[in-house]
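**Q** Here's a sequence, model it:
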Amino acid sequence: MLLFQFPGIAEKWLTANDWAGFRTFMQHPDADAVIANLESTGSLTSGLKWYRANLSPRSMVEPSPGLPPVRASTMGIWSTADPALGERQMTDSEDHVAGQWRYERIEGVGHWIPLEVPDRINDILLDFLPG
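**A** Model prediction:
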């Protein structure tokens, strides 16, 4: 995600050699369709701006200002084959939740959980959300 903070450089690395950086880093199950969409809409930079707005390079070396805890019921879902998010990062999220916290661990699924196991995610959400 640090790479995403550098406009132009991130875009060049992700798209070079027929999007090799994107394909390797993102490991998206529908990479060809996502790339086609990014190319046809020119929206790669817009997508990267989400990361740029939420995580500055400074935050990697300095503590961030305190934010109020989340008061709503919150659920964290993590998958054991996620190359981008560690389990501790997910479970430590509970420290920032004042409302009800629930954690779900899914075995053997990558970063794109809703695409890889949509029925499992739907079952978890239906169980969590108020009926």
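**Q** Report the buried residues of the longest helix anywhere in the chain.
**A** For the chain, the helix reaching the highest residue count under DSSP state H is reported as helix 9-26. For helix 9-26, a neighbour-count test (16 or more other Cβ atoms under 10 Å) marks 10-11, 13-15, 19, 21-23, 26 as buried. C-beta: built from backbone N, CA, C; applies to glycine.
**Q** Report the contact partners of Glu104.
**A** Going by Cβ atoms under 8 Å, 6 or more residues apart in numbering, Glu104 touches 75-78, 124.
**Q** again, only using 10 Å
**A** By Cβ atoms under 10 Å, 6 or more residues apart in numbering, the residues touching Glu104 are 75-79, 90, 113, 120-121, 124-125, 127-128.
**Q** Paired strands for the helix or strand containing it, with orientation please.
**A** Element membership for Glu104, per DSSP states H and E: strand 101-106. When sheet partners are counted by DSSP bridges, strand 101-106 sits next to strand 74-79 (parallel).
**Q** So for the helix or strand that the strand it pairs with is followed by, what gets flagged as buried?
**A** For strand 74-79, the following helix or strand on the C-terminal side (DSSP H and E) is helix 87-91. If you call a residue buried by 16+ other Cβ under 10 Å, then helix 87-91 has these buried ones: Met90.
**Q** Check the offset of helix 87-91 from the chain's centre.
**A** 13 Å (Cα atoms, centre = their mean, to the nearest Å).
**Q** packing partners for that helix?
**A** When contacts are defined as 3 or more Cβ pairs under 10 Å, 6 or more residues apart in numbering; DSSP states H and E, helix 87-91 packs onto strand 74-79, strand 101-106.
**Q** Of those, which stretch is the most buried?
**A** For the helices and strands packed on helix 87-91, ranked by mean neighbour count under the definition mean count of other Cβ atoms under 10 Å, the leader is strand 74-79 at a mean of 19.
**Q** which outside residues touch it?
**A** Counting by Cβ under 10 Å, 6+ apart, strand 74-79 makes contact with 85-94, 96-114, 116-117, 120-121, 124-125, 127-129, all of which sit outside it.
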